[in-house]
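S.K.: Quick one: sequence plus predicted model below, questions after.
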Amino acid sequence: MKSKKGAEKMLSVYWFLILVIVAFGIWAMAYSFYSHPFDIREVENRVLSNKVADCVSQKGVLVDSLFNEEGEFIGFTESNIESNCHFNFDVEDEFGWRGDEQYYIKVSFFTVNENPKFTNITYGDPEIETLCREAVESGQEFERLPKCVTRRFYTLDNKNEQTLVEIVTGVRKVEKNVKI
Amino acid sequence: MRCKSKQGRLLVGNIIFIVLNLIYLVILVVFLLRYSSDLSLLESSYAKEIALVIDSAKPGMSIFLSMEDAFEGAKDEGVDPSEIIRINKNKVTVKLSRESKGYSYSFFNSVDTGRYGDGYYAIDKENQKGYVFNIGGYK
């Protein structure tokens, strides 16, 4: 009788321990899930690359504003890409973001044989692309680095020749998308 | 006599055990619900969601965003539903409590989103549980 009582007490101690461990486990899971901000940079990149694609090519042809009256490629510059593509890259004045570019765009044009065809269109800090490339080459995902997306598609130029367009977009915005 | 009192003790012990377990489970569920409906978390997720919605929108689109949980949270904190979202230039701010400054996130799509209530974004009149965004032309 005595030994049975002792065993029951031991069991209740273990039961209490199990409850504490389960509670701690649930708390740890909830904390690790909810304490990290939602990282939307990849989605933001996809939307940005879609908008850039719509801006340089419509109905399968490069837009007229990329060429001058003589049909020579002039592209967009850092100063007019925002007005031509309806972008506004101003960001909130937090974490010193105003001092650093938070977006990066590079549009490259190639022939079907993948030789460079026109000069690249670029906007923003090229360091963003460098950091993304380094992360890809290392084979690891570094949350605290900017995120980039690369997209390629074929279109026709103003002479009806096939052109391969490669769009690289990057978003920095690390502080609001990653737990620092 | 002895046997009866032993059975009684067993029953009381079991009931206490079950009640304590239920209390434990209720505490865990309440903790998880409170954690997942944290207002600052809602502010950041809605600000980002709205920024993405505006980024991917095209002029002329009308978008309804259901914000039932945010409306309930704001109501508990005494914030008027019409003050939950503010869009200034290309920055959207969501505020769900009087004490917080709100959470802001910028969007890059240069479309006209106007001011609250002037036809661009306002509380949905039909069900009063979300916002409607009417995307204006390119700026």
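M.R.: Cool, the structure landed.
S.K.: ok, which stretches of chain A are strands?
M.R.: A:57-58, A:61-62, A:103-110, A:116-124, A:147-156, A:162-171 (DSSP state E).
S.K.: Of all those, which one comes closest to B:Val19?
M.R.: When the strands of chain A are compared by C-beta to C-beta, strand A:147-156 sits nearest B:Val19, at 50.3 Å. No exception for glycine: its C-beta is placed from N, CA and C like everyone else's.
S.K.: Pull out the buried residues from the closest one.
M.R.: A:147-150, A:155 (16 or more other C-beta atoms under 10 Å in any protein chain shown).
S.K.: Need the max-distance pair from those.
M.R.: So, those by C-beta to C-beta: farthest apart are A:Lys147 and A:Thr155, at 25.5 Å.
S.K.: okay, now the closest residue to B:Gly117 other than its chain neighbours: neighbour count?
M.R.: Sequence neighbours aside, B:Ser82 is the residue nearest to B:Gly117 in space, at 7.3 Å (criterion: C-beta to C-beta, 6 or more residues apart in numbering or on different chains). Look at B:Ser82: counted by other C-beta atoms under 10 Å in any protein chain shown, it has 11 neighbours.
S.K.: Which pLDDT value belongs to B:Ser82?
M.R.: B:Ser82 is assigned 90 on the pLDDT scale.
S.K.: cool, the one 5 residues further on as well?
M.R.: For B:Ile87, the pLDDT comes out at 93.
S.K.: got it, and B:Met1?
M.R.: Confidence score, pLDDT, at B:Met1: 46.
S.K.: Domains in chain A, by residue range?
M.R.: A:1-35, A:38-171 (automatic domain parsing).
S.K.: How about chain B?
M.R.: Split by automatic domain parsing, chain B gives B:1-36, B:39-134.
S.K.: Pick the most buried one from the ones you listed.
M.R.: domain B:39-134 (a mean of 17; mean count of other C-beta atoms under 10 Å in any protein chain shown).
S.K.: gap between that one and the chain center?
M.R.: Relative to its parent chain, domain B:39-134 has a centroid offset of 11 Å by C-alpha atoms, centre = their mean, to the nearest Å.
S.K.: Endpoints of it, how far apart?
M.R.: Taking C-alpha to C-alpha, to the nearest Å, the first and last residues of domain B:39-134 lie 26 Å apart.
S.K.: looking at the domains of chain B, which is closest to A:Gly75?
M.R.: Each of the domains of chain B was scored for nearness to A:Gly75 using C-beta to C-beta, and the closest is domain B:39-134 (19.5 Å).
S.K.: Show residues contacting the helix or strand harbouring B:Ser104.
M.R.: Using DSSP states H and E, B:Ser104 sits within strand B:103-106. Residues lying outside strand B:103-106 but in contact with it, judged by C-beta atoms under 8 Å, 6 or more residues apart in numbering or on different chains, are A:90-92, A:94, A:176, B:40, B:43-44, B:47-48, B:50-51, B:90-95.
S.K.: which residues sit in contact with B:Val79?
M.R.: Neighbouring residues of B:Val79 by C-beta under 8 Å, 6+ apart: B:95-98.
S.K.: Tell me where the chain is predicted with low confidence.
M.R.: Looking at chain A here, since you left the chain open. A:1-11 (pLDDT under 70).
S.K.: Not quite, go with chain B.
M.R.: B:1-10.
S.K.: could you pull out the helices for it?
M.R.: Applying DSSP state H to chain B gives helices spanning B:2-36, B:39-56, B:68-76.
S.K.: For A:Ala30, which of those helices is the nearest?
M.R.: Comparing the helices of chain B under C-beta to C-beta, the one sitting nearest is helix B:2-36, at 4.9 Å.
S.K.: and the closest one, is it in reach of chain A?
M.R.: Yes - where contact is defined by C-beta under 8 Å from any C-beta of the partner chain, part of helix B:2-36 touches chain A, namely B:24, B:28, B:31-32, B:35-36.
S.K.: got the angle for that helix vs helix B:39-56?
M.R.: Put simply, helix B:2-36 runs at 40 degrees to helix B:39-56, going by axes from the mean of the first three to the mean of the last three C-alpha atoms, to 10 degrees.
S.K.: returning to that earlier point: could you point out which of the strands of chain A sits nearest B:Ile18?
M.R.: strand A:147-156 (50.2 Å).
S.K.: what packs against the closest one?
M.R.: Applying 3 or more C-beta pairs under 8 Å, 6 or more residues apart in numbering or on different chains; DSSP states H and E, one finds that strand A:147-156 contacts helix A:41-56, strand A:61-62, helix A:126-138, strand A:162-171.
S.K.: As TSV, the ones you listed with distance to chain B and mean neighbour count would be great.
M.R.: As requested, those are exported to TSV (distance: least, C-beta to the nearest C-beta, whole Å; neighbours: other C-beta atoms under 10 Å in any protein chain shown):
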stretch	distance to chain B	mean neighbour count
helix A:41-56	5	20
strand A:61-62	20	16
helix A:126-138	14	15
strand A:162-171	9	21
